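A.B. asks: Mind looking at a prediction? Sequence and model below.
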Amino acid sequence: MESPTLWLTLLLCPLGRHFSNPKSLTLITPFLLHYLHRTLIYPLRLLLSRRKTTSGFPVTVAGMAFFFNLLNSYLQSRSVSHYTDYDKDDKWFWWRFSGGLAVFLSGMAVNVKSDLVLVGLRGEGGGGYKIPKGGLFEVVSCPNYFGEIMEWLGWTLMTWSWAGFGFFLYTCANLLPRARANHVWYLEKFGEDYPKRRKAVIPFLY
């Protein structure tokens with residue numbers, strides 16, 4: 001589903017009029033880094049976890065996700081490599097990029113670590129569902145979603161573009177309700193055993 005974020009981005013970026021600009025190349029790198037993990041490394045970890053899936057993934061949902069990633073890859077890659085004017089005097093570019101990169105990498109670290117915890121639970125024997133523990137799981141039910149929201153907030157700061165901001169808003173609109181639904185499921189599934197102080201996705205707030 002997320003494969004277009006790699007091959008389409010790599011196909012479109014060299015066609016941009018500003019692709020050879022160091023700022024353009026610097027910006028697209030974190031984007032590709034995230035999706036290298038999502039499309040290659042994370043699925044491999046799932047495969048190696050040896051968990052037997054109980055149901056298939058809906059074809060319509062997969063198709064919609066694939067279409068969105070096609071559209072989003074086009075928007076982000078063209079914004080960074082073609083439409084952004086790097087020649088104008090922008091003394092804040094590297095400040096925004098540095099701050100945004102710090103947020104992005106922090107979010108990616110949270111996302112990857114949280115996914116590792118969930119994959120580890122899938123690989124454990126004994127059957128049944130378990131309560132995730134450790135790291136930000138101590139304060140929220142879905143730190144993996146929180147980490148991804150952080151990533152695209154960082155991306156928005158780095159790119160300082162409407163395309164980046166739109167992607168951040170979409171991520172929030174997509175992941176916040178899912179996190180809430182997961183949180184309610186945990187509460188109903190584990191009842192009194194589930195930590196009451198945990199929020200759904202944003203530590204101490206939501």
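C.D. replies: Structure's in. What do you need?

A.B. asks: middle-most residue in this protein, spatially?
C.D. replies: E148 (3.5 Å; C-alpha atoms, centre = their mean).

A.B. asks: Export only the CA atoms of the helix or strand bottoming out on mean pLDDT in the chain, formatted as PDB.
C.D. replies: Using mean pLDDT, DSSP states H and E, the weakest-scoring helix or strand in the chain turns out to be helix 42-48, at a mean of 80. The C-alpha trace of helix 42-48 is given here as PDB (Å, rounded to 0.1, in the frame of the first residue of the first chain):
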ATOM      1  CA  TYR A  42       8.600  -3.000   9.200                       C
ATOM      2  CA  PRO A  43       6.800  -5.600   7.000                       C
ATOM      3  CA  LEU A  44       9.900  -7.900   7.300                       C
ATOM      4  CA  ARG A  45       9.700  -7.600  11.100                       C
ATOM      5  CA  LEU A  46       6.000  -8.600  11.000                       C
ATOM      6  CA  LEU A  47       6.900 -11.600   8.800                       C
ATOM      7  CA  LEU A  48       9.600 -12.700  11.200                       C
END
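
A.B. asks: So which bits of that helix are buried?
C.D. replies: Counting neighbours by 16 or more other C-beta atoms under 10 Å, one finds that the buried residues in helix 42-48 are 42, 45. Any C-beta I mention is one placed from the backbone N, CA and C, and that applies to glycine too.

A.B. asks: follow-up on the earlier one: the residue nearest to the centre of the chain and K113, how far apart?
C.D. replies: 12 Å (C-beta to C-beta, to the nearest Å).

A.B. asks: what does W95 give?
C.D. replies: 28 Å.

A.B. asks: Pick out whichever of these two has more residues nearby.
C.D. replies: In this view W95 and K113 are compared by other C-beta atoms under 10 Å, and K113 has more residues nearby, 16 against 11.

A.B. asks: which element is that one on?
C.D. replies: helix 93-123 (DSSP states H and E).

A.B. asks: could you pull out the helices for the chain?
C.D. replies: 4-12, 22-36, 42-48, 59-78, 93-123, 143-159, 162-190 (DSSP state H).

A.B. asks: could you dump these to TSV with distance to Y129?
C.D. replies: Listed next are the helices of the chain as TSV, based on distance: least, C-beta to C-beta, whole Å:
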stretch	distance to Y129
helix 4-12	30
helix 22-36	28
helix 42-48	17
helix 59-78	22
helix 93-123	8
helix 143-159	16
helix 162-190	6
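
A.B. asks: and those, which one's lowest on average pLDDT?
C.D. replies: With a mean of 80, helix 42-48 has the lowest mean pLDDT of those.
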